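Visitor: need the 3D shape of this:
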Amino acid sequence: MLHHQVRYPQRDFYGDFDDDVQGERRTRDLTPHTMLSLMNPMEGNTTSNIAHEGPLVIAVIAILFCAKLIFGVTILTCCFAFLGYAFMSLFGSAVHLSFHERGFQLEAYAWYRELRSLPTCCITCTARTMQWSM
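Guide: Residues are numbered from 1 along each chain as shown. Just a heads-up that it's a prediction; the model follows:
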């Protein structure tokens with residue numbers, strides 16, 4: 001959440017007044033990211049920041065460790081599950097970061113614009129409701 005307080009505060013949702021955001025945009029000739037560039041951990045955006053993703057990585061490793069030791073899940077299954085977790089983490093973070101990009105490739109779609117306009121509390125409540133119903 002630190003990037004919201006520093007780079008994308010409420011008054012500057014797109015980061016127009018943040019020097020770091022503007023500097024990063026200038027290195028891309030002011031072209032918006034694509035979904036693939038946001039998912040690339042080598043790009044140096046928030047998806048590759050261990051302070052941002054670290055707690056999730058530790059939780060996933062703990063879950064897989066318990067799955068192996070307690071439930072006897074095979075190593076191959078644990079590796080495949082880890083790849084699935086990694087993809088979902090990168091994809092979810094990329095979608096989140098895309099909300100802060102002007103001219104993002106998905107802006108042409110009404111569902112994307114509607115999703116971006118939802119308040120954070122609605123998205124969190126929806127995610128919790130979906131999690132509880134599974």
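
Visitor: could I get the pLDDT score of the residue most central in space within the chain?
Guide: Central residue of the chain (CA atoms, centre = their mean): Ser93, 0.6 Å from the mean position. With respect to pLDDT, Ser93 scores 82.

Visitor: how far is the helix or strand it falls within from where the chain is centred?
Guide: Element membership for Ser93, per DSSP states H and E: helix 75-98. Distance of helix 75-98 from the chain centroid (CA atoms, centre = their mean, to the nearest Å) equals 10 Å.

Visitor: tell me what it is packed against?
Guide: Judged by 3 or more CB pairs under 8 Å, 6 or more residues apart in numbering; DSSP states H and E, helix 75-98 is in contact with helix 35-39, helix 50-71. The C-beta positions use only the backbone N, C-alpha and C, and glycine is treated the same way.

Visitor: between these, which gets nearest to Phe82?
Guide: For the helices and strands packed on helix 75-98, proximity to Phe82 was assessed by CB to CB; helix 50-71 is nearest, at 6.0 Å.

Visitor: in the closest one, what counts as buried?
Guide: 53, 60, 64 (16 or more other CB atoms under 10 Å).

Visitor: redo those residues as JSON lines? Include distance to Leu106.
Guide: Listed next are the buried residues of helix 50-71 as JSON lines, based on distance: CB to CB, whole Å:
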{"residue": "Glu53", "distance to Leu106": "22"}
{"residue": "Val60", "distance to Leu106": "27"}
{"residue": "Leu64", "distance to Leu106": "32"}
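
Visitor: of the residues you listed, closest to Trp111?
Guide: Distance to Trp111 across the buried residues of helix 50-71 (CB to CB) is lowest for Glu53, with 26.2 Å.

Visitor: thought that closest one was touching Gly92?
Guide: No: using CB atoms under 8 Å, Glu53 is not in contact with Gly92; the gap is 10.2 Å.

Visitor: pLDDT wise, what is Asn49 at?
Guide: pLDDT, Asn49: 63.

Visitor: what sits against His100?
Guide: His100 sits next to 7-8, 13-15 when contact means CB atoms under 8 Å, 6 or more residues apart in numbering.
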